[in-house]
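Visitor: structure of the sequence below:
(chains A and B)
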2 protein chains.
Amino acid sequence: MIRHVAVFRFVPEFTTEHREHWMALVRALPDRIPQLRSMTVGADVLRGPASYELAIVADFDDLDGLEAYTRHPAHAEVLRISAPVKASLATVDFEIPDAS
Amino acid sequence: MIRHVAVFRFVPEFTTEHREHWMALVRALPDRIPQLRSMTVGADVLRGPASYELAIVADFDDLDGLEAYTRHPAHAEVLRISAPVKASLATVDFEIPDAS
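Guide: I've put the predicted structure just below:
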């Protein structure tokens, strides 16, 4: 399995209401992108010194599935909202043995 | 459920062998910390412009469980290795409805 992790900071103009709308779109992606096995998304609750503001964790069978997600029009819709307001992004894509 | 996400960049002196050893310690934490419901850790395979190098995703029943993990001696052992070689860290701690 491939796990895609992304953490974001956004500009302040991207309000709580905007963020909730964006997260709802992200949560709906598994219904629209068959290669997306599962998706979690949420806003940080700890606000520590290293904390970013939002995270997504998306799971795929393999790298082909991740690439299909990246190229999917439903993913592009989500990106059209977040890309202009993104202040920082850090990602890691890593393999998980299927037994875990 | 609370999901703790952390992505790391390390100094180059923290070699592949060191990283594998460190990840093995992290993978063993659920056997040592009862509040840690599940843990995945891995090295980035995409190496894109926003890619960090390693990620962990750890799940807890609640914030009390996350705090118990943070204070646990087994977690301190892992931190003693990674803290001196950490170049960048970004975290997000977010709630997931238990149905998901």
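Visitor: check contacts around A:Tyr52.
Guide: Counting by CB atoms under 8 Å, 6 or more residues apart in numbering or on different chains, A:Tyr52 makes contact with A:Val7, A:Phe8, A:Arg9, A:Asp44, A:Ser88, A:Ala90, B:Ala90, B:Thr91, B:Val92. The C-beta positions use only the backbone N, C-alpha and C, and glycine is treated the same way.
Visitor: report the separation between the nearest residue to the first one once chain neighbours are set aside and A:Asp64.
Guide: This means A:Val7. In space, A:Val7 comes closest to A:Tyr52 once its chain neighbours are excluded; the distance is 4.0 Å by CB to CB, 6 or more residues apart in numbering or on different chains. Using CB to CB, to the nearest Å, we find A:Tyr52 at a distance of 28 Å from A:Asp64.
Visitor: same thing with A:Glu95?
Guide: For A:Glu95, the distance to A:Asp64 - CB to CB - is 13 Å.
Visitor: the two: which has the busier surroundings?
Guide: A:Glu95 (15 against 11; other CB atoms under 10 Å in any protein chain shown).
Visitor: beta partners for that one?
Guide: In this entry, A:Glu95 is beta-bridged to A:Ile2, by DSSP bridges.
Visitor: okay, it: pLDDT?
Guide: With respect to pLDDT, A:Glu95 has a value of 98.
Visitor: same question for the one 5 residues further on.
Guide: A:Ser100 is assigned a pLDDT of 46 by the prediction.
Visitor: burial of A:Asp61, as a residue count?
Guide: 13.
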